[in-house]
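In: Okay, predicted coordinates and the sequence, questions at the end:
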Amino acid sequence: MKKNLIDEMIDSTLDGKGITRKQALELEFLSYEELDYLFEGTNRLRDYFKGDDVKICSIVNAKAGKCEEDCGFCAQSSQFKTDSPEYGLMDVDKIVAAAKEAEAFGSNEFSIVTSGTALNRREELDQVIAAIKRIKEETNLETCCSLGLMNLEDLRELKEAGLDRCHHNLETAASHFGEIVTTHNYEDEVRAVQNAKDAGLQVCVGGIFGMGETFAQRVELAIDIRDLEAQSFPINFLKPLEGTALETMELMELYEALRTIAMLRLVLPTIDLFVCGGREEVFTDNQEQIFSAGANGILGGNYLTTKGQDPKRDIEMIERLGLNPIYQSV
């Protein structure tokens with residue numbers, strides 16, 4: 001058993017810099033027994049860097065469907081025929097009401113998510129600005145937006161309105177990106193993240209795993225996000241949706257998903273790791289294990305196009321583990 005290798009990785013991560021690419025690649029070859037030993041270490045790392053707190057983030061799908069992009073995993077793409085909802089941008093009152101509902105069940109962060117390449121129509125941008133201002137005035141929530149490939153000027157306006165954080169996934173590794181998206185490129189994704197950083201926003205940058213990528217490509221994505229100095233990483237696992245290009249893919253196996261979370265904690269020891277899409281489907285009755293693998297956050301409530309677990313069950317799960325769900329912004 002590779003205990004010495006694992007111990008070396010855990011110890012070398014305590015400086016907050018993370019393991020090397022070469023070390024991360026070695027995780028692919030650990031057996032289930034060795035992974036169980038690894039999870040003891042990643043659980044200690046989570047506790048060392050993040051303590052007992054588990055952050056809960058919520059989103060509102062504020063504008064749905066009719067997206068011109070062809071992202072192979074996404075039910076909202078106009079390229080695919082799915083039963084995903086389609087509607088224009090919600091009015092401000094509805095967005096604020098969703099934020100208050102999220103705060104009531106324990107979220108400390110709320111994200112406004114819209115479909116499409118970018119939210120660049122003036123009237124829509126003004127609506128989101130108004131919603132952010134009211135959320136900051138009427139709740140204790142941190143605010144986040146996921147609005148696509150936004151330009152620097154618009155992001156500066158959102159920052160001035162009170163936006164704390166911008167979420168923008170790179171989706172998958174640069175070397176795999178062309179297999180998943182053809183209507184824009186990986187560099188466009190990176191530029192959107194850099195624009196958010198230049199606007200003075202914190203950045204939440206992650207991806208989706210289980211889209212046919214290799215383990216080495218998962219490591220590749222993790223290293224890229226480390227280089228971008230993101231504050232948080234939303235970990236999504238593909239839930240194949242009928243009508244999309246990836247509808248025939250299989251769900252990732254439990255231990256492979258846990259291996260992926262552990263790799264991210266080792267590469268990105270100080271970052272907030274949120275387990276988001278696919279949590280219920282991939283981990284089923286084993287959701288508690290995401291925390292020993294290294295996660296310190298979850299997306300609570302519903303996702304963009306699919307239902308999530310009852311928020312009360314999430315809170316009960318966290319407290320049963322002796323962990324502390326974060327109820328207020330920090």
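Out: Noted; the coordinates are in hand.
In: The stretch 101-250 of the chain: strands as residue ranges?
Out: Using DSSP state E, counting those that start in this stretch, the strands assigned to the stretch 101-250 of the chain run over residues 109-114, 142-146, 165-167, 202-204, 207-209, 232-237.
In: by contact count, what packs against the first one?
Out: The one in question is strand 109-114. Judged by 3 or more Cβ pairs under 8 Å, 6 or more residues apart in numbering; DSSP states H and E, strand 109-114 is in contact with strand 53-63, helix 92-104, helix 122-138, strand 142-146, strand 165-167. For the C-beta atoms, the positions are set from N, CA and C on the backbone; glycine is no exception.
In: between these, which gets nearest to Arg313?
Out: Closest to Arg313 of the helices and strands packed on strand 109-114 is strand 53-63 (Cβ to Cβ; 12.3 Å).
In: quick one on the thing from earlier: could the helices and strands packed on strand 109-114 go into JSON lines alongside distance to Leu273 and mean neighbour count?
Out: JSON lines is the format used below for those (distance: least, Cβ to Cβ, whole Å; neighbours: other Cβ atoms under 10 Å):
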{"stretch": "strand 53-63", "distance to Leu273": "10", "mean neighbour count": "23"}
{"stretch": "helix 92-104", "distance to Leu273": "20", "mean neighbour count": "18"}
{"stretch": "helix 122-138", "distance to Leu273": "24", "mean neighbour count": "17"}
{"stretch": "strand 142-146", "distance to Leu273": "16", "mean neighbour count": "24"}
{"stretch": "strand 165-167", "distance to Leu273": "14", "mean neighbour count": "24"}
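In: So which of these is nearest Gly297?
Out: Counting by Cβ to Cβ, Gly297 lies closest to strand 53-63 out of those; the figure is 3.8 Å.
In: got the angle between the closest one and strand 232-237?
Out: Inter-element angle recorded for strand 53-63 and strand 232-237: 70 degrees (by axes from the mean of the first three to the mean of the last three Cα atoms, to 10 degrees).
In: Can you list the strands that strand 53-63 pairs with?
Out: strand 109-114 (parallel), strand 297-299 (parallel), strand 324-325 (parallel) (DSSP bridges).
In: average pLDDT across that strand?
Out: Rounded to a whole number, the mean pLDDT of strand 53-63 is 84.
In: CA atoms only for it - export them in PDB, please.
Out: Provided in PDB are the C-alpha atoms of strand 53-63 (Å, rounded to 0.1, in the frame of the first residue of the first chain):
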ATOM      1  CA  ASP A  53     -17.700  25.100   8.500                       C
ATOM      2  CA  VAL A  54     -19.700  24.000   5.500                       C
ATOM      3  CA  LYS A  55     -20.700  26.800   3.100                       C
ATOM      4  CA  ILE A  56     -24.100  26.500   1.400                       C
ATOM      5  CA  CYS A  57     -24.600  28.400  -1.900                       C
ATOM      6  CA  SER A  58     -27.900  28.700  -3.700                       C
ATOM      7  CA  ILE A  59     -28.800  29.800  -7.300                       C
ATOM      8  CA  VAL A  60     -31.700  31.100  -9.200                       C
ATOM      9  CA  ASN A  61     -32.100  30.200 -12.900                       C
ATOM     10  CA  ALA A  62     -33.000  33.800 -13.700                       C
ATOM     11  CA  LYS A  63     -33.100  33.400 -17.500                       C
END
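In: Now do that strand and strand 142-146, the angle between them.
Out: Using the same axes, to 10 degrees: strand 53-63 against strand 142-146 is 50 degrees.
In: so how far is strand 53-63 off the chain centroid?
Out: Put simply, strand 53-63 sits 10 Å off its chain's centre (Cα atoms, centre = their mean, to the nearest Å).
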